[in-house]
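Participant: below are the sequence and a predicted model for it; my questions follow.
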Amino acid sequence: MSVDPREFFYIHALQNAVQHNSVPKAGTVLGMLMGNYPEFRPQAKEMSAILGDVLKEVMALSPEERVSKLKELAPELLEQKKEKKEKVRGLRDLKNVGENGVVMRFAPNPSGPLHLGHARAAYLNDYYVRKYGGRYVLRIEDTDPRRVEPENYGLLLEDAAWMDLKITETVYQSDRFEIYYEHGRKLIEQGSAYICTCDSESFRELKNSKKTCPCRSNSVEKNLKLWEDMLAGKYPEGTITVRLKTEIDHPDPAMRDFSIFRVVDTPPHPKIDAKVYPMMNLSVVVDDHLLGITHVIRGKDHIANTRRQGYIYEYFGWKQPEYLHYGRMSIGDVVLSTSAMKEGIKTKKYTGWDDIHLGTLKAIARRGIRPEAVRNITIDIGVGQSDIKFSWENLFAENKQIVDPESNRYFFVPNPVKCAVEDAPECTATIPKHPNDESKGVRHLEFKGSLVASKDDLQGCSFVRFKDLFNATIIPEGDSFRVIYAGTSLDEAREKKAPIIQWLPVNEGIRCNLLSPEGLIEGLCESSVISEESEIVQFERVGFARIDSVKESLITAYFAHR
Ligand code: GLU
């Protein structure tokens, strides 16, 4: 197969110029040629001179001329532009956005590290703050001492930082208990709430038969006295609660006189010394109002809460924010339940919160997924009410778009066997670190008579091309192979449909464990991968992987996707 480099440059420079409205950098187009047609690599100088002329020609054309030339020479490349343009990422407009933009909040409970479900809430709210301007409150909802562990605060802040949200302020609900008490007292004083000392079973029976409990008719004075006693710790857990007066004959029993404060004796709260705890509906309303939240985006599992919260807004005479409730999202193939994660970490089934079998953001980051990919996919999923299944494939495709242009390429050889190559001259393979980005430089692999290749690649092949090196005839010999040098012609390799396989000079490879949720692949990789700790690389023909750790003679990498 032959290609005219001049024509190749001309067409791709045109396409690039049409897409980006500017003439591309020489390196980009040159890299494309070398990546697709490695046979031109030895002629890099000549190619670069031809390209210089071509770029000048393209530069001299007007934007309209460029479009019509491209239409004439490669109309399919013009189509690619249209398709790209059609994919506009965005969410529908919000109603009632004021002059100063919006005030949104992300309100996780510190019950464990954040996962993809949290990321959805975080990024949807973040999107609108970026779109309209305004404030974004990170509100840590730590009002349930049973679900707060001290280490979780740090985990949550790390995860929020990783997501790169446009947070303007951080609020801890545990710092605001006096505010909740003050508002609780107000509701009692105005007769909108009462103290209930019924045991929970008898209250449930009354409620289910639409009957009020005897406490509902207590005087305000009696209620205030009980409130003070409750705050003073005179009532143990389970014996007392504050209820909001709603509609005892409401068709939905969950709306009937629900609880807004309770006593919790144990465990103690890690941050404050409290016995009386606000229920989520009370603290959320008070905070949403006092923090000036204009729009709330949350899952539709909160729809009932939105209704309950409506009563509290009404009692205070406050305006409710605008709400959007998005549908449920099921996330397969990973563990998401905090208790299952905790248990697994305890029993050493998982290595920690970032074990790659978990759906935590930490685990996803460890696998080399970038926060922008999670952001993009979340916005694509959107705020619709229908229930959906999270697509890992889509996340991987998004991530690939981000990491592909940035990641250096290396050889990884799983299941390696050593082969002496008969009749082969010593030579050095000079390989670009990135096929489309010359600026990343090259890597050199020196061949001195022997190499390692993957047994899986050699098995069943009679002729292969060792990538960027030479061709060879393969003859199986028991457990190993006879490998005989067969020239350097890429055309011949293509004609013979020879597999192009990765290889390493003997003594060059460093041990590399490539881990994925499916298991471990042991192999060897180029020793220069040592300099890529924490980075994402592409192991050619294997896929993208994050270099997790580099220990003297062992690299541990996590597979991201192909
Ligand atoms: N802290 C609540 C949760 O994580 C969110 C409360 C809300 O969005 O109103 O489910």
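Facilitator: Ah, there it is.
Participant: can you tell me the SS state at the residue nearest to R308 when sequence neighbours are not counted?
Facilitator: Nearest non-adjacent residue to R308, counting by CB to CB, 6 or more residues apart in numbering: N281, 5.0 Å away. Yep, even glycine has a C-beta here, placed from its N, CA and C like the rest. State at N281, reduced to three classes by DSSP: H, G, I helix; E, B strand; the rest coil: helix.
Participant: touching, N281 and I260? I think so.
Facilitator: Yes: counting by CB atoms under 8 Å, I260 is a contact partner of N281 at 6.5 Å.
Participant: neighbour-wise, which of the two wins?
Facilitator: Shown here are N281 and I260; by other CB atoms under 10 Å, I260 has more neighbours (26 against 22).
Participant: show me which residues of this structure are close to the ligand?
Facilitator: Neighbours of the ligand within the chain, by CB under 6 Å from any ligand atom: 107-109, 141, 284, 298, 302.
Participant: follow-up on the earlier one: which neighbours do N281 and I260 share?
Facilitator: By the contact definition CB atoms under 8 Å, 6 or more residues apart in numbering, N281 and I260 are jointly contacted by I312.
Participant: ok, P405 - contacts?
Facilitator: Taking CB under 8 Å, 6+ apart as the test, what P405 contacts is 434, 436-437.
Participant: how about the residue nearest the centre of the chain, secondary structure?
Facilitator: Taking CA atoms, centre = their mean, the centroid of the chain lies closest to V374, which sits 3.3 Å from it. Three-state assignment for V374 (three-state DSSP): helix.
Participant: wait, isn't it in contact with H118?
Facilitator: No: in this structure, V374 is not within contact of H118 by CB under 8 Å, at 10.5 Å.
Participant: common neighbours of these two, please.
Facilitator: L361.
Participant: filter the contacts of P405 to the buried ones?
Facilitator: 434, 436-437 (16 or more other CB atoms under 10 Å).
Participant: sort out for me which of those are in strands.
Facilitator: Using DSSP state E, no member of the buried ones among the contacts of P405 sits in strands.
Participant: closest to I510 out of the residues you listed?
Facilitator: Nearest to I510 among the buried ones among the contacts of P405 is H434, at 20.7 Å by CB to CB.
Participant: quick one, phi psi at that closest one?
Facilitator: phi -150, psi 130 (degrees, to the nearest 10).
Participant: and it, what pLDDT?
Facilitator: H434 is assigned 96 on the pLDDT scale.
Participant: so for stretch 23-30, mean pLDDT?
Facilitator: Average pLDDT, stretch 23-30: 80.
Participant: give the buried residues for it.
Facilitator: So stretch 23-30, judged by 16+ other CB under 10 Å, has buried residues 23-24, 26, 28-30.
Participant: what do you get for stretch 178-188?
Facilitator: Buried, per 16+ other CB under 10 Å, within stretch 178-188: 180-181, 183-185, 187-188.
Participant: now flag whichever of those is closest to A424.
Facilitator: Y180 (78.0 Å).
Participant: okay, now the residue in the stretch 301-450 of the chain that the ligand sits nearest to: neighbour count?
Facilitator: Nearest residue of the stretch 301-450 of the chain to the ligand, counting by CB to the nearest ligand atom: H302, 5.5 Å away. Each residue near H302 was counted by other CB under 10 Å, and the total is 19.
Participant: contact partners for it?
Facilitator: H325.
Participant: A helix includes it, no?
Facilitator: Yes: membership of H302 in a helix is supported by three-state DSSP.
Participant: re the thing from before, what pLDDT does the residue nearest to R308 get?
Facilitator: The predicted local confidence for N281 is 98.
Participant: show me what contacts it?
Facilitator: By CB under 8 Å, 6+ apart, N281 lies in contact with 258, 260, 305, 308-309, 312.
Participant: kindly report the same for E533.
Facilitator: 547-550.
Participant: nearest to the ligand, of the residues you listed?
Facilitator: Nearest to the ligand among these is D548, at 30.0 Å by CB to the nearest ligand atom.
Participant: which pLDDT value goes with the residue nearest to Y172 when sequence neighbours are not counted?
Facilitator: Nearest residue to Y172, sequence neighbours excluded (CB to CB, 6+ apart): I140, at 4.9 Å. In this prediction, I140 carries a pLDDT score of 98.
Participant: check contacts around I140.
Facilitator: For I140, the contact set (CB under 8 Å, 6+ apart) comprises 107-110, 153, 156, 170-174.
Participant: buried only: go through those residues for me.
Facilitator: 107-110, 153, 156, 171-174.
Participant: could you dump the residues you listed to TSV with distance to K389?
Facilitator: Below are those laid out as TSV (distance: CB to CB, whole Å):
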residue	distance to K389
A107	25
P108	23
N109	24
P110	28
Y153	32
L156	26
V171	34
Y172	34
Q173	33
S174	36
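Participant: from these, which ones fall inside helices?
Facilitator: Within the buried ones among the contacts of I140, residues falling in helices by DSSP state H are 153, 156.
Participant: let's have the buried ones among the contacts of I140 in JSON lines, adding pLDDT.
Facilitator: Below are the buried ones among the contacts of I140 laid out as JSON lines (pLDDT from 0 to 100):
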{"residue": "A107", "pLDDT": "98"}
{"residue": "P108", "pLDDT": "97"}
{"residue": "N109", "pLDDT": "96"}
{"residue": "P110", "pLDDT": "94"}
{"residue": "Y153", "pLDDT": "97"}
{"residue": "L156", "pLDDT": "96"}
{"residue": "V171", "pLDDT": "98"}
{"residue": "Y172", "pLDDT": "98"}
{"residue": "Q173", "pLDDT": "98"}
{"residue": "S174", "pLDDT": "98"}
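Participant: out of the buried ones among the contacts of I140, who's nearest S330?
Facilitator: The closest of the buried ones among the contacts of I140, once distances to S330 are taken by CB to CB, is P108, at 19.4 Å.
Participant: now do the strands in the stretch 101-250 of the chain.
Facilitator: 102-106, 134-140, 169-172, 193-196, 241-244 (DSSP state E, counting those that start in this stretch).
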